[in-house]
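> Need a 3D model of the following:
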Amino acid sequence: MSMMDRSRLGAIIGEPHPLVSTKILDHLDQMARRFIAASPFAMLATSDAEGHPDVSPRGDGPGFVHMLDKHTLLLPERTGNRLIFSMQNILVNPNVALIFLIPGIDESYRVHGTARLVEDADTLARLEARGRPALMATEIKVGRAFLHCGKALKRSRLWAERAPGLKPFRFGEVIAKANAGGSEMEAMVDAIVADDYQNGL
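Residues are numbered from 1 along each chain as shown. Sure, this is the predicted structure:
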């Protein structure tokens, strides 16, 4: 069996459309704000000092992760199993990633950044739920953020039905804005994505 390298990987998987990389931002834009505000569930990825990974589910009411500004998220810590793998990892390795989901929406939203644990009373009060402040918070400084395509969720048929009354999250909007394009670019990208969802699963 031959060794895998980047060129072989590209030959098997293919290369992304030139516009795709322009959706990757170094901040949280209006679409991110809208997505995160509607999301009741996220998965937090961390690693320890040796690089051993961990993934932890986090959830609460929609918008439970607060967007402090376009570069900062606050993730509340609630009561759980007290194993604190994620928080122990952050103490020794601040690199984290989040993937946000909204029930009924096939697209997800990904955020990569660096984290620190905070416990000041004002922050914990800001993250109050059910009449109680958060036990602790993870402050995440955003390095990369982007809308992720819905193929995996479409293939898995994860959602029984689409979320009612929620405006779609469109790649055309993201990519046209990143490339200073107008409605024609938006429509072109959305058509490409729609065709890919239809014929590329």
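> In the lengthiest helix in the chain, which residues are buried?
Longest helix in the chain by number of residues (criterion: DSSP state H): helix 183-199. Across helix 183-199, burial judged by 16 or more other C-beta atoms under 10 Å covers Met185, Glu186, Val189, Asp190, Ile192, Val193. In this view, the C-beta of every residue, glycine as well, is placed from N, C-alpha and C.
> Return the distance of the one helix or strand Met87 maps to from the chain's centre.
Assigned by DSSP states H and E, Met87 falls within helix 85-92. Centroid displacement of helix 85-92 relative to its chain, using C-alpha atoms, centre = their mean, to the nearest Å, is 19 Å.
> going on from it, what's the next piece of helix or strand?
Downstream of helix 85-92, the next assigned helix or strand under DSSP H and E is strand 95-101.
> Measure how that next one sits relative to helix 85-92, angle-wise.
Here strand 95-101 runs at an angle of 150 degrees relative to helix 85-92 (axes from the mean of the first three to the mean of the last three C-alpha atoms, to 10 degrees).
> Could you dump the buried residues of helix 183-199 into TSV and include pLDDT and distance to Pro16?
Listed next are the buried residues of helix 183-199 as TSV, based on pLDDT from 0 to 100; distance: C-beta to C-beta, whole Å:
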residue	pLDDT	distance to Pro16
Met185	89	17
Glu186	89	19
Val189	88	13
Asp190	88	17
Ile192	87	12
Val193	86	13
